[in-house]
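Novice: The following block contains a protein sequence and its predicted model.
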There are 2 protein chains.
Amino acid sequence: MKFCSNCGAILTLRIPDGDNAPRHVCDTCNTIHYRNPKLIVGCIPVWDGKVLLCRRGIEPRHGLWTLPAGFMELNETVSAGALRETLEEANARVEIEQLYALYSLPHIGQIYMLFRARLLDLDFSAGHETLDARLFSEAEIPWDEIAFATVRNTLRHYFGDATRGEFRFHMGTIEPMSRNVSDATYRQPGSSA
Amino acid sequence: MKFCSNCGAILTLRIPDGDNAPRHVCDTCNTIHYRNPKLIVGCIPVWDGKVLLCRRGIEPRHGLWTLPAGFMELNETVSAGALRETLEEANARVEIEQLYALYSLPHIGQIYMLFRARLLDLDFSAGHETLDARLFSEAEIPWDEIAFATVRNTLRHYFGDATRGEFRFHMGTIEPMSRNVSDATYRQPGSSA
């Protein structure tokens, strides 16, 4: 961030009065440009105990498998974003059941929010940024070809919970190179609206 | 957003190739400037059945009461952000117990994430953007002077759940002027890491 997006002047990096962290400040139009983490929302689409994964057709991690998920748009809800990404990446229609996993990735300013979801039909297919979309049982998951630590952890929790017969809520932090992964489990948020 | 924060050129609002929504595009340095929702994280600090509220010393909603919460910073986890805001706004130390409420406010591109938390001591006080910090029982809550719909809904759920003796997870959408509020409840008792 070098120029003011409001007036085009050159920005200064300094701690504003009353603040405690350096910010990109425009001294011409007096705007402070904050940088905030980005939310990634997606689904764990399930059919008959199998999970729908997408093989990535774009960088990063081209060719590796992931859950359908992506950056949340400005004017949608978290669940609408998760449904949209599932439709865009796998042409799949789901019903959202539960907020299942929440991961913070502080080193890259990202927050992952993944929902357990019921796949409504088998009429899915690869979206335009996806090479392949396929259902996997636990034994079939290509563990060495999973694109992201968030997805790997979520899948491990999912199949563990499915075996135990109780789905819990998982919250954790993922740091670079998996040096420090904290990952806590919370009891049951099955829906009861 | 009028100027490219990367090169200072004037931006164009158009749908990029392969996209489906208008974006702020720089045709000089070929950067697409996405706009993303902002995360607000905070706590419901509880002591002996009472909830700690802060009277806002800044706009918007100056003078009204709120839970300690604020915009998440770039390089922190969701729970670290909630702890930081609680310390900044109420000089209060808490232990986080549960993700309790998740609200989408699509009309202003905000997501609220509020954690149930145990106040660790009574040595709290108003932070520099706060006029007053005080514990309230359900009967004492100033319902007509609550700053935000997210906070009002969360407090109503909290005291309802406390009465029933079971804390659930609440997810909802808040739209302008409370014309349409959807608010669902999910089972999710305390942590069991």
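Specialist: That came through fine.
Novice: which ones are touching the residue located most distally from the centre of chain A?
Specialist: Of all residues in chain A, A:T28 has its C-alpha farthest from the mean position, at 37.1 Å, by Cα atoms, centre = their mean. For A:T28, the contacting residues are A:4, A:7, A:9, by Cβ atoms under 8 Å, 6 or more residues apart in numbering or on different chains. Where you see a C-beta, it was placed from the backbone N, CA and C, and this is true even at glycine.
Novice: Which residue is the nearest non-sequential neighbour of the second one?
Specialist: In this case it means A:C7. Nearest non-adjacent residue to A:C7, counting by Cβ to Cβ, 6 or more residues apart in numbering or on different chains: A:C29, 4.2 Å away.
Novice: Quick check on the one you found: phi, psi?
Specialist: With angles defined as degrees, to the nearest 10, A:C29 sits at phi -110, psi 10.
Novice: my guess is it contacts A:G8, does it?
Specialist: No: between A:C29 and A:G8 there is no contact under Cβ atoms under 8 Å: 9.2 Å.
Novice: still on that earlier bit, just among the contacts of A:T28, which is most surrounded?
Specialist: Using other Cβ atoms under 10 Å in any protein chain shown as the neighbour criterion, A:C4 leads these with 24 neighbours.
Novice: So A:C29 and A:G8 - more neighbours on which side?
Specialist: A:G8 (18 against 10).
Novice: mind checking how far the more buried one is from A:P22?
Specialist: Going from A:G8 to A:P22 by Cβ to Cβ, to the nearest Å gives 21 Å.
Novice: Can you list the neighbours in contact with the host helix or strand of A:G160?
Specialist: Here A:G160 sits within helix A:149-164, counting by DSSP states H and E. Outside helix A:149-164, the residues that touch it by Cβ under 8 Å, 6+ apart are A:40, A:44, A:49, A:51, A:65-67, A:69, A:100-101, A:103, A:105, A:112, A:114, A:116, A:138, A:141, A:143, A:146, A:167-168, A:170, A:172, A:174, A:178, A:181, A:183, A:185.
Novice: from those residues, which would you call buried?
Specialist: Buried subset of these (neighbour count, 16 or more other Cβ atoms under 10 Å in any protein chain shown): A:40, A:44, A:51, A:65-67, A:69, A:100-101, A:103, A:105, A:112, A:114, A:116, A:138, A:141, A:146, A:167-168, A:170, A:172, A:174, A:183.
Novice: Point out where chain A drops to low pLDDT.
Specialist: Scanning chain A for pLDDT under 70 picks out the ranges A:177-181, A:187-193.
Novice: Could you pick out the longest strand of it?
Specialist: Once chain A is assigned using DSSP state E, the strand that runs over the most residues is strand A:94-105.
Novice: Helices along chain A, start to end?
Specialist: Secondary structure of chain A, counting by DSSP state H: helices at A:78-90, A:149-164.
Novice: So which of those helices is the most surrounded?
Specialist: Compared across the helices of chain A, helix A:78-90 shows the largest average neighbour count, a mean of 23 (mean count of other Cβ atoms under 10 Å in any protein chain shown).
Novice: what angle sits between it and strand B:94-105?
Specialist: 70 degrees (axes from the mean of the first three to the mean of the last three Cα atoms, to 10 degrees).
Novice: Show the overlap between the buried ones among the contacts of helix A:149-164 and what lies near chain B.
Specialist: For chain B, the contacts drawn from the buried ones among the contacts of helix A:149-164 by Cβ under 8 Å from any Cβ of the partner chain are A:R168.
Novice: Mind checking which of the buried ones among the contacts of helix A:149-164 are in strands?
Specialist: The strands, defined by DSSP E, take in A:40, A:44, A:51, A:65-66, A:69, A:100-101, A:103, A:105, A:112, A:114, A:116, A:170, A:172, A:174, A:183 from those.
Novice: What about A:R118, how many residues nearby?
Specialist: There are 13 residues near A:R118, going by other Cβ under 10 Å.
Novice: That one against A:V46, yeah?
Specialist: Yes: in this structure, A:R118 is within contact of A:V46 by Cβ under 8 Å, at 6.2 Å.
Novice: Correct me if wrong: A:L64 contacts A:W143.
Specialist: No: under the criterion of Cβ under 8 Å, A:L64 is not in contact with A:W143, lying 11.2 Å apart.
Novice: so who does the residue nearest to A:F124 when sequence neighbours are not counted touch?
Specialist: Nearest non-adjacent residue to A:F124, counting by Cβ to Cβ, 6+ apart: A:A92, 3.9 Å away. Neighbour list for A:A92: A:45, A:52, A:68, A:86, A:119, A:124, A:133 [criterion: Cβ under 8 Å, 6+ apart].
Novice: ok, now which ones touch the third one?
Specialist: So that's A:P68. Neighbours of A:P68 in contact, by Cβ under 8 Å, 6+ apart: A:42-43, A:45, A:52, A:54, A:85-86, A:88-90, A:92.
Novice: What separation do you get for the nearest residue to A:L114 once chain neighbours are set aside and A:I32?
Specialist: Nearest residue to A:L114, sequence neighbours excluded (Cβ to Cβ, 6+ apart): A:A101, at 4.4 Å. Using Cβ to Cβ, A:A101 is found at 33 Å from A:I32.
Novice: for A:A21, same thing?
Specialist: Between A:A21 and A:I32 the computed distance is 11 Å (Cβ to Cβ).
Novice: One more: A:E59?
Specialist: 32 Å.
Novice: Same drill for those two, tell me which one is more crowded.
Specialist: Each of A:E59 and A:I32 has its neighbours counted (other Cβ under 10 Å); A:I32 has more, 11 against 7.
Novice: doesn't A:G49 make contact with A:L135?
Specialist: No: using Cβ under 8 Å, A:L135 is not in contact with A:G49, being 9.4 Å away.
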